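Peer 1: pasted the sequence and its predicted model underneath.
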2 protein chains.
Amino acid sequence: MSVAMKQDQQPYYVGIDGGGTKCRAVMFNHKQQVVGTGLAGPANVARYGIRALHAMVDAVHDAIQNSDAGSSLHCEDLHVSAGLAGANLSEARLQLNEWRHPFKCFSFTSDLHTALLGAHAGADGAVLIVGTGSCAAALKDETLTQIGGHGFLLGDKGSGAWLGKQALTLTLETLDKAAPLNVLSEQVCKRFATHSPLALVERFNSAMPSTFAQLAPLVLQCAIDGDPQALKIVRDGADYLSTIAQEAISQSDGDLVLVGGVAQPISRWLSSSVRERIVAARKGPEWGAYFYQTKQHNMKEKSV
Amino acid sequence: MSVAMKQDQQPYYVGIDGGGTKCRAVMFNHKQQVVGTGLAGPANVARYGIRALHAMVDAVHDAIQNSDAGSSLHCEDLHVSAGLAGANLSEARLQLNEWRHPFKCFSFTSDLHTALLGAHAGADGAVLIVGTGSCAAALKDETLTQIGGHGFLLGDKGSGAWLGKQALTLTLETLDKAAPLNVLSEQVCKRFATHSPLALVERFNSAMPSTFAQLAPLVLQCAIDGDPQALKIVRDGADYLSTIAQEAISQSDGDLVLVGGVAQPISRWLSSSVRERIVAARKGPEWGAYFYQTKQHNMKEKSV
C-alpha cells in the first residue's frame, strides 16, 4: 500500500484523453473532484507506438506535479484509464494489453468512446469529433456506433490534417498552373518560404498528420476571407462532417456535442439541421475515461 | 576488358524503366538493336530504397539471360542508364549517386524524362503518364517541364493508386452510410470478402501505392458499366489529367503521347482537345534511358 493510500485511504483516479497531437490527463479524487491536470505529446499508439505510451506516463506525472497531493503521490498509486486515438486497431490493442504500465491499474478504450461518455455524462447522445482526425459516434442503450474515423490516408475528411493535406495538394496544383490562382496557396508558399513543388513534397511526404493539421487555421481563415478555393475545400469537408453527424444523431436519438480543436471553427459550414442539434459538452473526455473505468469496475464487481 | 568486349569489341547498353510497380530493362547492341529484355520488381528508390537498386540489377540479369549473348555477357560489361520513379527527390538522388553498382557505368534521371525522350524519339513533345502515379511533361528546346507527379500522398490524381485509394475511401463511406449504395463498393467488399471498415483500414493503412493500383481496373470497369459513384471518381481524376496534359501540350508545342498502364483505359474520359493531340509513342522509355546516356556521353566528349 502506497504512502498516499496510507495517508487518506482513498483512491485517486486519472482519466487520459490521448489524441494524435497531444495527450491530456485529469486526476480525480474519490469525490469525483479534479485535483490535478497534466499534458504531454501525442498518444496515438497505432502511429507512435512506444512514444505514445511514454506520453501517457508523462501526462500522468505532470498531473501529479500539478496537484496538491503532488509530493506524496506516485504512479503506482493511481487507477488510470485512457481514451486513445487508434486504440481500435488490433496491433495497437495488442501493444496496450502487453504494456507493463507503472500504474496501480490501467484500462483503455477508443478516444471516441471516452469523448462520447464525457460529452453526455454517460447518457445517450452523439458526438462529432474534429481535431487532427474526424469521426462521429452515437451512444444508444450502451451500444456505441462509430461513423468515419478511418485515419489520415483513407478517411478523416474535414479534419485538421485533411484540411492541411488539401491545402498542400491545392498549392502543388496551383504552382503547376493546374488550379486557378488563389490566396490559400500564396499563404502556404509564404509560410514555407518556397515556390518549389519539390521542396513542399519533400517537407511533407512523410510528415505526421499533426504537422498537416497545423495548416488548418490558415485554410479556415482563407475560407472566412472568401477565397473560393479555400471555401471549396472547407465546404467539401463540412458536407462530409454534416453527413456523419446526421447519421450519429439519427442513431443515438439524442443531441450532438462538438469535440476537438477544429469542430468549433468549422461548425459554421455544417448543415442547419445538424447545427440546431448542437449542445455543450457536459464533461470532458478525461472524465469519460474515468467514468469508463468506474463502469468497468462496477461491472466486474457485479459479475463476481 | 571483359569477355564480351574481347569477342566483338562492341559495347552493350541497357536502358531501364523503373516504376512504382515494376522495372523493365532493354539491352541494345552498338547498332541500337534490341538484343534482350528483362523484368523485375518496383524500382522507386525514394519509396523502396535498396530493394529498388536490387530490382535494377535483377532486371539487367534477366535481360542478359534473355539475350543471345547470354552466357558471355556480365553486368560489369554493360553501360546502364535508368529512368526512375522518385529519382527527382534529393534523398533518392543521394542514394543513387552513392550506389556501388555492378555495371561498367551507370547514369540515371527521372522516369518522366526517359518516357519523354522515348515517346518522341528525342524530339520536342509532351507526355501524359498514368500508371501507379500520374504526371505530365513537356520537352521543348531540350528543356524539360514537369507538371504534377507529386506522389501518392499529395498528388498523382487520376493515377492507378489514386483510383484505388478513392475506391477504398468510397467503400468506407458507403459502409458508414455516408455515401449512397454503389456497385463499386460492393465489388471492393466482395474482392476482400469483408464488410468491416476496420478490416479494410488495417489491410490498406500501410499498403504501397502499387497495392492500391491493383484496384484501378475494377474502378474503371464500374465506371464503364455506369456506376455513378465510380464515374464520379474517374471523371474527377480524368479532369485533372486533362488539365495537366493540356498544360504540357501548350508548353511543348508538340503532340501528346500516353504512357503507363492506366493511360489508355482512362483516355476516353479526357477532354476532346487533349484527345485529338494524342499520337503513338515512337520508342519506349527504355530506349529513352539509352538515348539519355548516349547524349550525356556525347556532351562529355564534346566538353573534353
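Peer 2: Right, received. Where do you want to start?
Peer 1: shaky segments in the stretch 151-300 of chain A?
Peer 2: Counting by pLDDT under 70, the stretch 151-300 of chain A shows low-confidence ranges at A:297-300.
Peer 1: strands of that one, start to end?
Peer 2: Taking DSSP state E, counting those that start in this stretch as the test, the strands found in the stretch 151-300 of chain A are A:256-259, A:278-279.
Peer 1: which one of those lies closest to chain B?
Peer 2: When the strands of the stretch 151-300 of chain A are ranked by distance to chain B, counting by Cβ to the nearest Cβ, first place goes to strand A:256-259 at 15.5 Å. C-beta here means a position set from N, CA and C on the backbone, and glycine is covered the same way.
Peer 1: helices and strands around the closest one, which ones?
Peer 2: Packed against strand A:256-259, as judged by 3 or more Cβ pairs under 8 Å, 6 or more residues apart in numbering or on different chains; DSSP states H and E, are the following elements: helix A:111-119, strand A:125-130, helix A:228-252, strand A:278-279.
Peer 1: buried sites along the host helix or strand of residue A:92?
Peer 2: Under the criterion DSSP states H and E, the helix or strand holding residue A:92 is helix A:90-98. Neighbour counts over helix A:90-98 (16 or more other Cβ atoms under 10 Å in any protein chain shown) mark A:92-93, A:95-96 as buried.
Peer 1: wondering if it reaches chain B at all.
Peer 2: Yes - using Cβ under 8 Å from any Cβ of the partner chain, helix A:90-98 reaches chain B at A:90-91.
Peer 1: quick one: list the elements packing against that helix.
Peer 2: For helix A:90-98, the helices and strands in contact under the criterion 3+ Cβ pairs under 8 Å, 6+ apart are helix A:45-48.
Peer 1: which helices and strands sit right next to the helix or strand that the helix it packs on is followed by?
Peer 2: If you walk from helix A:45-48 toward the C-terminus, the next helix or strand you reach (DSSP H and E) is helix A:50-65. Counting contacts by 3+ Cβ pairs under 8 Å, 6+ apart, helix A:50-65 packs against strand A:12-18, strand A:23-28, strand A:34-40, helix A:45-48, strand A:78-84.
Peer 1: for the nearest residue to residue A:188 once chain neighbours are set aside, what are its contacts?
Peer 2: For residue A:188, the nearest residue in space outside its immediate sequence neighbours is residue A:171; the separation is 4.4 Å by Cβ to Cβ, 6 or more residues apart in numbering or on different chains. Applying Cβ atoms under 8 Å, 6 or more residues apart in numbering or on different chains, we find residue A:171 in contact with A:184-185, A:188-189, A:200.
Peer 1: ok, these vs chain B, which is closest?
Peer 2: Within the contacts of residue A:171, proximity to chain B (Cβ to the nearest Cβ) peaks at residue A:200, which comes in at 7.8 Å.
Peer 1: so who does residue A:182 touch?
Peer 2: Contacts were defined as Cβ under 8 Å, 6+ apart; by that measure residue A:182 touches A:170, A:174, A:222, A:227-230.
Peer 1: could you do residue A:227 as well?
Peer 2: A:182-184.
Peer 1: so which of these belong to helices?
Peer 2: The helices, defined by DSSP state H, take in A:183-184 from these.
Peer 1: want to throw the contacts of residue A:227 into TSV with distance to residue B:148?
Peer 2: Shown next, in TSV, are the contacts of residue A:227 (distance: Cβ to Cβ, whole Å):
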residue	distance to residue B:148
A:182	18
A:183	22
A:184	19
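Peer 1: tell me the one of the contacts of residue A:171 nearest residue A:278?
Peer 2: Distances from the contacts of residue A:171 to residue A:278 were compared by Cβ to Cβ; the smallest belongs to residue A:184, at 27.0 Å.
Peer 1: the closest one and residue A:67, how far apart?
Peer 2: Distance of residue A:184 to residue A:67, given as Cβ to Cβ, to the nearest Å: 44 Å.
Peer 1: in terms of neighbours, single out the busier of these two.
Peer 2: Higher neighbour count among residue A:184 and residue A:67: residue A:184, with 27 against 19, using other Cβ atoms under 10 Å in any protein chain shown.
Peer 1: what sits against that one?
Peer 2: Counting by Cβ under 8 Å, 6+ apart, residue A:184 makes contact with A:167, A:170-171, A:218-219, A:222, A:227, A:229-230, A:233.
Peer 1: ditto for residue A:261
Peer 2: Shown in contact with residue A:261 (Cβ under 8 Å, 6+ apart): A:21, A:130-131, A:160.
Peer 1: any chance of a markdown table for the residues you listed, columns neighbour count and distance to residue B:76?
Peer 2: Output for those, formatted as a markdown table (neighbours: other Cβ atoms under 10 Å in any protein chain shown; distance: Cβ to Cβ, whole Å):
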| residue | neighbour count | distance to residue B:76 |
| --- | --- | --- |
| A:21 | 23 | 52 |
| A:130 | 31 | 59 |
| A:131 | 26 | 56 |
| A:160 | 32 | 53 |
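Peer 1: which among those residues gets closest to residue A:45?
Peer 2: residue A:21 (14.2 Å).
Peer 1: chain B: which of the helices and strands packed on helix A:50-65 is closest?
Peer 2: With Cβ to the nearest Cβ, the closest approach to chain B among the helices and strands packed on helix A:50-65 belongs to helix A:45-48: 8.1 Å.
Peer 1: could you name the helices and strands sitting against that closest one?
Peer 2: Using 3+ Cβ pairs under 8 Å, 6+ apart as the contact definition, the elements that helix A:45-48 packs against are helix A:50-65, helix A:90-98.
Peer 1: which of those helices has the lowest average pLDDT?
Peer 2: Lowest mean pLDDT within the helices and strands packed on helix A:45-48: helix A:90-98, at a mean of 90.
Peer 1: who in chain A is up against chain B?
Peer 2: A:88-91, A:147-148, A:150-151, A:153-155, A:165, A:168-169, A:172-173, A:176-178, A:197-198, A:200-202, A:204-205, A:240, A:243-244, A:247.
Peer 1: what residues are up against the residue nearest the centre of chain A?
Peer 2: The residue lying closest to the centre of chain A (Cα atoms, centre = their mean) is residue A:19, at 4.1 Å. When contacts are counted by Cβ under 8 Å, 6+ apart, residue A:19 is found next to A:42-44, A:85, A:111, A:131-132, A:260.
Peer 1: please redo it, this time with the cut-off set to 7 Å
Peer 2: With contacts taken as Cβ atoms under 7 Å, 6 or more residues apart in numbering or on different chains, residue A:19 has the following neighbours: A:42-43, A:85, A:111, A:131-132.
Peer 1: picking that back up, neighbouring contacts of the helix holding residue A:92?
Peer 2: Applying Cβ under 7 Å, 6+ apart, the contact partners of helix A:90-98 are A:45-46, A:49, A:86-87, A:108, B:202.
Peer 1: what's near enough to touch the nearest residue to residue A:269 once chain neighbours are set aside?
Peer 2: What sits nearest to residue A:269 in space, not counting adjacent residues and going by Cβ to Cβ, 6+ apart, is residue A:238, at 3.5 Å. Contacts were defined as Cβ under 7 Å, 6+ apart; by that measure residue A:238 touches A:158, A:266, A:269-270.
Peer 1: please apply the same query to residue A:104.
Peer 2: A:76-79.
Peer 1: now do it, the pLDDT please.
Peer 2: The predicted structure lists residue A:104 with a pLDDT of 93.
Peer 1: can you lay out the helices and strands packed on helix A:45-48 as JSON lines showing distance to residue A:254?
Peer 2: What follows is the helices and strands packed on helix A:45-48, written out as JSON lines (distance: least, Cβ to Cβ, whole Å):
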{"stretch": "helix A:50-65", "distance to residue A:254": "30"}
{"stretch": "helix A:90-98", "distance to residue A:254": "28"}
